[in-house]
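> with the input below, show me the fold.
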Amino acid sequence: MLTDKAAEMRDRMKDSAGSAMHGPPLPDDDFNGAPFMDVDNEVKKKYSREFRFVHAGELIKEIKPTEFVIEGVLEADALAALVGDPATYKSFLSLDWGLSVATGTPWNGHAVKQGAVFIIIGEGHSGYGKRIVAWQKSTGRYVRDAPFYISTAPVQMLDSRSAKIAGDAIDMLRDQHGKPAMVIFDTLARNFGPGDENSTKDMTRFVATLDHIIGNDTLRLLVHHSGHAEKQRGRGSSALKGALDAEYLLIRKDDIVTLKCLKMKDAETAVPMSFEPKIVMVGGDFQKPITSLYLEKIDGPATEAPKLSIQMNQALRLLDLMNRKSGISCLSDWMNICREEEVYTKHAFYNAANTMRDKRVVRISDGCVERY
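Numbering: from 1, shown residues only. Next up, the predicted model:
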């Protein structure tokens, strides 16, 4: 039997959990089975990420640049997805990212912010050791003392009891190593639980549970399969895409894989990069070698010029005329001249400008615009 204080605190926790998750509260059995020897400490630890307000003045006291876990590639404190078909080496790339962050190893020339990394894998546990050795041999760095931890089993995020167990394990590591720099789920499907990826309700609950057990002060990377028909997006409900801060796509052609950044919320999208899998001997002998793979960056194939509409090309010519003096122009001035020349209406102009920005034709920042 719970004490009156524990029962009251249980109800408060359930209400807080539902509010923080923006979804249904956790079931009663999550709390009936929990130890309440020290309720106040348990609440403080587990629900320190509750919903609250801060004054706008606090946000503008000190404007800071976007923080990255891997400079120019992976934003800190973001919800991100690495998407691709099977056999596009998604797990190898996410492992490369995680090991680079945990060991403080620059990733292909990009500085990293060293920190703890936890990876929750749903399959292939036996092969991870070989992949780590291949990474060590290829980079010359070692994970012996690095805060890099791998789960022994997947978590069923839509099962409240399984999610709570995973959350408790993450909190234990957080107590030892501080806030993790990165938590990786490989793959979303194997860690989804009893639900339907195509269901908006289930996908929304998945994202809410993710935020609830980890918080939004950590980079959460979801390794995910691409859609069956739409290869440029992740499989399942579009609710996931809407929730993402960043999205990356791996495309394989023959033995070359190309990484493209489809979305980055608070920074310019990363430049595409290409990789080739290199076979690395990790054990055995030359008679019976034990091997794994490491993704080695290569100079990618020349990218085709983005396809633009007639109006976009007209607008770019006007921008070039404006930029002849300074090389950079005011976005509103560009819009006005496009309206004067009857290339675009105001609304259509901003839609076109955003498209050209996404295609990396123009760079837009602080109300200014320039060509790449």
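> got any ranges where the stretch 101-250 of the chain has weak pLDDT?
Within the stretch 101-250 of the chain, the stretches with pLDDT under 70 are 228-232.
> and with 80 instead?
123-124, 227-234 (pLDDT under 80).
> for the protein, what spans make up the strands?
68-70, 74-75, 79-84, 117-121, 148-150, 182-186, 219-225, 246-253, 256-264, 273-284, 289-298, 329-330, 362-365, 368-371 (DSSP state E).
> columns distance to A134 on top of the ones you listed, output as CSV?
Glycine gets a C-beta too; all of them are placed from N, C-alpha and C. Shown next, in CSV, are these (distance: least, CB to CB, whole Å):
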stretch, distance to A134
strand 68-70, 20
strand 74-75, 21
strand 79-84, 19
strand 117-121, 16
strand 148-150, 15
strand 182-186, 16
strand 219-225, 18
strand 246-253, 18
strand 256-264, 16
strand 273-284, 4
strand 289-298, 4
strand 329-330, 49
strand 362-365, 37
strand 368-371, 41
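> got these as CSV, with distance to L59 and mean neighbour count columns?
As requested, those are arranged in CSV below (distance: least, CB to CB, whole Å; neighbours: other CB atoms under 10 Å):
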stretch, distance to L59, mean neighbour count
strand 68-70, 20, 23
strand 74-75, 17, 24
strand 79-84, 20, 24
strand 117-121, 28, 24
strand 148-150, 33, 18
strand 182-186, 25, 27
strand 219-225, 21, 24
strand 246-253, 21, 20
strand 256-264, 20, 19
strand 273-284, 33, 16
strand 289-298, 37, 16
strand 329-330, 26, 17
strand 362-365, 19, 16
strand 368-371, 23, 16
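> closest one to S91 among these?
Closest approach to S91 among the strands of the chain (CB to CB): strand 182-186, 5.5 Å.
> how far off centre is that closest one?
9 Å (CA atoms, centre = their mean, to the nearest Å).
> what packs against that strand?
Packing contacts for strand 182-186, counted by 3 or more CB pairs under 8 Å, 6 or more residues apart in numbering; DSSP states H and E, involve helix 90-103, strand 117-121, strand 219-225.
> count of neighbours near D145?
8 (other CB atoms under 10 Å).
> go on, L321?
L321, neighbours per other CB under 10 Å, totals 11.
> and it, how far is that from P306?
With distances taken as CB to CB, to the nearest Å, L321 is found 21 Å from P306.
> ranges for the helices of the protein?
Secondary structure of the chain by DSSP state H: the helices cover 4-21, 28-32, 39-46, 56-60, 90-103, 125-139, 160-177, 200-214, 238-243, 310-323, 331-340, 346-358.
> and the third one, average pLDDT?
Spelled out, that is helix 39-46. For helix 39-46, mean pLDDT rounds to 44.
> make CSV out of the helices of the chain and add distance to G84.
Below are those laid out as CSV (distance: least, CB to CB, whole Å):
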stretch, distance to G84
helix 4-21, 29
helix 28-32, 35
helix 39-46, 35
helix 56-60, 36
helix 90-103, 5
helix 125-139, 17
helix 160-177, 24
helix 200-214, 19
helix 238-243, 15
helix 310-323, 29
helix 331-340, 34
helix 346-358, 20
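> which of those sits most buried?
Highest mean neighbour count among those (mean count of other CB atoms under 10 Å): helix 90-103, with a mean of 23.
> that helix: how far from the chain's middle?
13 Å.
> what packs against that helix?
For helix 90-103, the packing partners by 3+ CB pairs under 8 Å, 6+ apart come out as strand 68-70, strand 79-84, strand 117-121, helix 125-139, strand 148-150, strand 182-186, strand 219-225, strand 289-298.
> can you list the strands that the last one pairs with?
Strand 289-298 has the following sheet partners, assigned by DSSP bridges: strand 273-284 (antiparallel).
> okay if I get the helices and strands packed on helix 90-103 as TSV plus distance to F206?
Listed next are the helices and strands packed on helix 90-103 as TSV, based on distance: least, CB to CB, whole Å:
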stretch	distance to F206
strand 68-70	22
strand 79-84	11
strand 117-121	13
helix 125-139	22
strand 148-150	21
strand 182-186	10
strand 219-225	9
strand 289-298	28
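> check what pLDDT L259 gets.
Looking at L259, its pLDDT is 95.
> also S329?
82.
> and it, how far from K359?
For S329, the distance to K359 - CB to CB - is 18 Å.
> same deal with A208?
Distance from A208 to K359, by CB to CB: 33 Å.
> and for I165?
From I165 to K359 the distance is 44 Å (CB to CB).
> do R161 as well
46 Å.
> ok, now F118?
The value you get for F118 to K359, if CB to CB is used, is 36 Å.
> also S126?
S126 sits 42 Å away from K359, taking CB to CB as the criterion.
> what does Q114 give?
34 Å.
> could you verify my assumption that K260 touches I251?
Yes: assessed by CB atoms under 8 Å, K260 is found in contact with I251 at 6.9 Å.
> quick check: domain ranges of the protein?
4-60, 68-298, 310-371 (automatic domain parsing).
> who touches the residue positioned nearest the centre of the chain in this structure?
Centroid-nearest residue in the chain, with CA atoms, centre = their mean: A80, separated by 1.7 Å. By CB atoms under 8 Å, 6 or more residues apart in numbering, A80 lies in contact with L74, L219, R220, L221, L222, L244, D245, A246, E247, Y248.
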